[in-house]
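A.B. asks: Attaching a predicted model along with its sequence, questions to come.
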Amino acid sequence: MKIGFIGLGHMGAPMALNLIKAGHALTVFDLSAEAMQMLADAGATRAATPKAAATGAEWVVTMLPAAAHVRTVLSAEDGVLAGIAKGVTIIDSSTIDPASAREFGKLAAANGNAFVDAPVSGGTGGAAAGTLTFMVGGSAALYESVKPVLSGMGKNIVHCGETGTGQVAKICNNLVLGVTMAGVAEAMALGEALGIDSKVLGGIMNTSTGRCWSSDTYNPFPGVIETAPSSRGYTGGFGTDLMLKDMGLATDAAKSVRQPAYMGALAQQLYQAMSSRGDGKLDFSAIIKLYRGEKG
Ligand code: NAD
């Protein structure tokens with residue numbers, strides 16, 4: 001299939017590479033010339049604008065930082081909606097707020113196009129391995145139609161409900177993730193201060209009731225999990241600034257329905273403190289630095 005792919009960052013680049021491997025013909029666009037070059041080397045065609053990437057495409061996939069970027073990429077003069085053929089579906093895999101996803105659904109519909117929100121979980125590792133989970137918001141028929149495209153990039157493709165519900169699932173999941181990471185960091189730092197070996201504590205936690213993804217796969221204490229970003233200087237994972245964005249999405253969404261988000265609000269402040277001291281680009285598990293008294 002001919003696919004226009006826009007946004008070739010930590011997630012988008014490996015996802016696009018997997019679509020090429022699955023035999024699709026990709027036309028790509030990103031603001032980064034380096035990212036475009038990497039995809040061109042793998043066989044993709046470079047487009048000069050999002051409009052050009054969407055022209056002639058049978059599917060358009062976007063993987064961008066936040067809703068503002070998606071809005072620009074879709075509706076600018078040289079945007080996707082200016083180039084896309086009627087009837088073609090837009091799949092947005094960025095993590096954004098559910099209200100914006102619904103707004104983009106309406107924008108697309110007014111242009112004669114379908115839109116699904118299909119945010120992902122699984123991180124950069126899952127993107128590279130093609131094992132992402134996609135949380136799809138859209139009609140049941142749309143969900144069935146996008147499955148063949150998404151299965152080139154992921155393993156679990158889940159229908160969440162109507163447009164926007166994919167983002168609801170993603171935001172709620174990341175609310176848990178942001179909070180559990182802060183909790184594991186707090187406990188690991190406390191254990192260190194009280195004199196237990198961190199590997200022993202991590203091991204106990206991971207066979208006890210404290211076990212969670214933040215402890216057994218992504219433990220924030222260096223050396224406990226060799227493959228975690230904490231064991232490579234908090235590089236190459238899920239950036240603190242992106243987690244801060246997701247905490248903001250969760251607390252804003254909570255406000256919109258007058259729902260308390262006590263833990264989310266506190267975790268948001270912790271990631272904000274990390275960001276303001278200059279650690280926004282580090283993996284979000286670097287939050288443990290706040291507890292270990294390490295300078296930003
Ligand atoms: P990233 O910052 O690495 O990549 C974003 C890419 O979009 C960059 O290459 C940037 O140049 C490009 N871009 C920005 N504005 C653009 C524009 N106007 N036109 C074209 N390209 C533009 O981010 P990422 O880590 O790949 O994350 C992408 C999305 O996926 C985010 O919404 C994030 O929250 C979500 N996400 C990330 C992870 C993760 O582990 N990194 C996991 C799940 C979901």
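C.D. replies: Happy to help now that I have it. Owing to the predicted nature of the structure, the values given are computational and were not obtained by experimental measurement. Numbering: from 1, shown residues only.
A.B. asks: Just give me the neighbour total for A48.
C.D. replies: Residues within reach of A48, counting by other C-beta atoms under 10 Å, total 10. From N, CA and C alone the C-beta is placed, and that goes for glycine too.
A.B. asks: Give the helix, strand or coil label for it.
C.D. replies: coil (DSSP: H, G, I helix; E, B strand; the rest coil).
A.B. asks: Would you confirm that I287 contacts T180?
C.D. replies: No: using C-beta atoms under 8 Å, I287 is not in contact with T180; the gap is 11.1 Å.
A.B. asks: Tell me the secondary structure at I91.
C.D. replies: I91 ends up strand, using three-state DSSP.
A.B. asks: what's it in contact with, if anything?
C.D. replies: For I91, the contacting residues are 59-62, 116, 118, 146, 149-150, by C-beta atoms under 8 Å, 6 or more residues apart in numbering.
A.B. asks: returning to what we had before: I287 and T180 - which one has more neighbours?
C.D. replies: Set side by side, I287 and T180 show more neighbours around I287, with 27 against 18, by other C-beta under 10 Å.
A.B. asks: wait, what's in contact with that one?
C.D. replies: I287 sits next to 181-182, 185, 220, 240, 270-271, 274 when contact means C-beta under 8 Å, 6+ apart.
A.B. asks: And for Y291?
C.D. replies: Contacts for Y291 (C-beta under 8 Å, 6+ apart) come out as 185-186, 188-190.
A.B. asks: Mind pulling up the pLDDT for E144?
C.D. replies: pLDDT for E144: 98.
A.B. asks: what's the neighbour count on it?
C.D. replies: Counted with other C-beta under 10 Å, the neighbours of E144 add up to 12.
A.B. asks: For my notes, confirm it occurs in a helix.
C.D. replies: Yes: under three-state DSSP, E144 sits within a helix.
A.B. asks: quick one: low-confidence parts of the chain?
C.D. replies: For the chain, no stretch has pLDDT under 70.
A.B. asks: What is the burial count for the closest residue to the ligand within the stretch 151-296 of the chain?
C.D. replies: Proximity of the stretch 151-296 of the chain to the ligand (C-beta to the nearest ligand atom) peaks at F238, 3.7 Å away. Residues within reach of F238, counting by other C-beta under 10 Å, total 20.
A.B. asks: That one against F284, yeah?
C.D. replies: Yes: contact status for F238 versus F284: in contact at 5.5 Å, counting by C-beta under 8 Å.
A.B. asks: Disregarding flanking residues, what is the spatial nearest neighbour of A187?
C.D. replies: Leaving out its chain neighbours, the residue that sits closest to A187 by C-beta to C-beta, 6 or more residues apart in numbering is G210, at 6.8 Å.
A.B. asks: now P119
C.D. replies: P119 sits nearest to K170 (C-beta to C-beta, 6+ apart), 3.9 Å away.
A.B. asks: State the helix or strand in which that neighbour lies.
C.D. replies: Following DSSP states H and E, one finds K170 within helix 165-193.
A.B. asks: And that helix, what's buried?
C.D. replies: 165-171, 173-175, 177-189, 191-192 (16 or more other C-beta atoms under 10 Å).
A.B. asks: and after that helix, which helix or strand comes next?
C.D. replies: Following helix 165-193 in sequence, per DSSP H and E, is helix 198-206.
A.B. asks: how about that following helix as CSV, C-alpha atoms only?
C.D. replies: What follows is helix 198-206, C-alpha atoms only, in CSV (Å, rounded to 0.1, in the frame of the first residue of the first chain):
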residue,chain,number,x,y,z
SER,A,198,19.7,-1.8,45.3
LYS,A,199,19.8,-5.0,43.2
VAL,A,200,18.6,-7.0,46.2
LEU,A,201,15.8,-4.5,46.8
GLY,A,202,14.8,-4.4,43.1
GLY,A,203,14.8,-8.3,43.0
ILE,A,204,12.5,-8.5,46.1
MET,A,205,10.2,-5.8,44.7
ASN,A,206,9.9,-7.7,41.4
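A.B. asks: Quick one: residues in contact with the next helix or strand after that helix.
C.D. replies: Where DSSP H and E defines the elements, the next helix or strand beyond helix 198-206 is helix 213-216. Defining contact as C-beta under 8 Å, 6+ apart, one finds that helix 213-216 is touched by 177, 180-181, 183-184, 202, 205-206, 220, 225, 285.
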